[in-house]
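# Have a look at this fold, sequence not included:
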């Protein structure tokens with residue numbers, strides 16, 4: 001049962017993309033509404049980042065309690081705290097919910113006059129998150145193709161999770177045909193393809209090919225219907241953050257189940 005839940009992440013991400021793409025093309029007014037600040041997509045992102053944080057902190061606490069590996073346990077807890085910070089930033093720390101005022105010094109330098117740090121230089125923070133995600137995909141793929149399930153005690157994602165992470169950067173508002181940093185994701189995808197052919201892993205072979213196809217379909221549709229993107233030009237980023245929050249939550253659950261399995265074996 002647990003394996004079925006974990007294996008469903010790739011299908012779930014694809015279904016989310018299909019549904020959001022349908023809404024984007026055929027219900028563009030709804031798409032605009034749900035991707036605005038403090039609306040459905042952004043709030044869901046914050047919720048899943050919080051759930052990721054809770055799961056990672058719980059995993060780290062279990063490592064401290066049962067394994068007595070203090071450095072490893074603290075790493076998981078610290079990463080969990082980072083996700084709490086991300087969730088808070090996503091909703092401006094509840095500013096519009098509780099009607100907080102933005103401090104005057106922050107008001108001057110914040111692009112959206114909000115109580116958060118990432119809008120001081122949104123491009124910097126968006127690029128940072130995107131590039132860290134892509135580097136993580138590349139590193140995780142390297143270890144996966146070397147049949148490593150963990151490194152220094154840190155549980156690594158399997159092929160399905162890596163593929164789910166790899167879809168996320170391609171949800172993009174394509175305003176031009178220029179090369180972007182996210183195109184580097186094709187390197188780990190091709191590596192997964194070669195690995196799956198070499199070791200005759202039909203599941204990962206299908207998933208890696210399908211992920212490449214999705215990337216091309218998204219490029220075609222987002223270029224063809226580019227005019228449908230809302231005027232705020234941030235909707236694709238909001239959807240990308242939502243998809244990332246979903247995969248991160250699944251990854252945190254994957255880590256928790258893996259740690260429990262290791263504990264039972266010991």
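Yep, it's here. Quick caveat, the model's predicted, so the values are computed rather than measured.
# Number of residues surrounding residue 17?
20 (other Cβ atoms under 10 Å). (Each C-beta comes from the backbone N, C-alpha and C, glycine too.)
# now do residue 193
Neighbour count of residue 193, defined by other Cβ under 10 Å: 18.
# Kindly report the same for the one 10 residues further on.
Other residues within reach of residue 203 by the criterion other Cβ under 10 Å amount to 13.
# Report the buried residues of the strand or helix carrying it.
Assessed by DSSP states H and E, residue 203 sits inside helix 202-224. When burial is assessed from 16 or more other Cβ atoms under 10 Å, helix 202-224 yields the following buried residues: 204-205, 207-208, 211-212, 214-215, 218, 222.
# just checking, next helix/strand downstream of it?
helix 235-265.
# Tally up the residues packed near the residue lying closest to residue 25 once chain neighbours are set aside, please.
In space, and not counting its chain neighbours, residue 25 is closest to residue 225: 5.6 Å by Cβ to Cβ, 6 or more residues apart in numbering. Neighbours of residue 225 under the rule other Cβ under 10 Å: 13.
# From residue 40, how far out is residue 225?
According to Cβ to Cβ, to the nearest Å, residue 225 stands 20 Å off from residue 40.
# so where's the stretch 151-266 of the chain shaky on pLDDT?
By pLDDT under 70, the low-scoring segments of the stretch 151-266 of the chain are 262-266.
# mind redoing it with 50?
265 (pLDDT under 50).
# And the strands in the chain, which stretches?
For the chain, the strands defined by DSSP state E occupy 150-151, 154-155.
# Could you measure from the residue nearest to residue 25 over to residue 142?
Separation of residue 225 from residue 142 (Cβ to Cβ): 36 Å.
# Could you do residue 240 as well?
23 Å.
# the more surrounded of the two?
Higher neighbour count among residue 240 and residue 142: residue 240, with 24 against 13, using other Cβ under 10 Å.
# if I look at that one, how far off is residue 223?
Distance from residue 240 to residue 223, by Cβ to Cβ: 16 Å.
# Residue 185 too?
As judged by Cβ to Cβ, residue 185 and residue 223 stand 18 Å apart.
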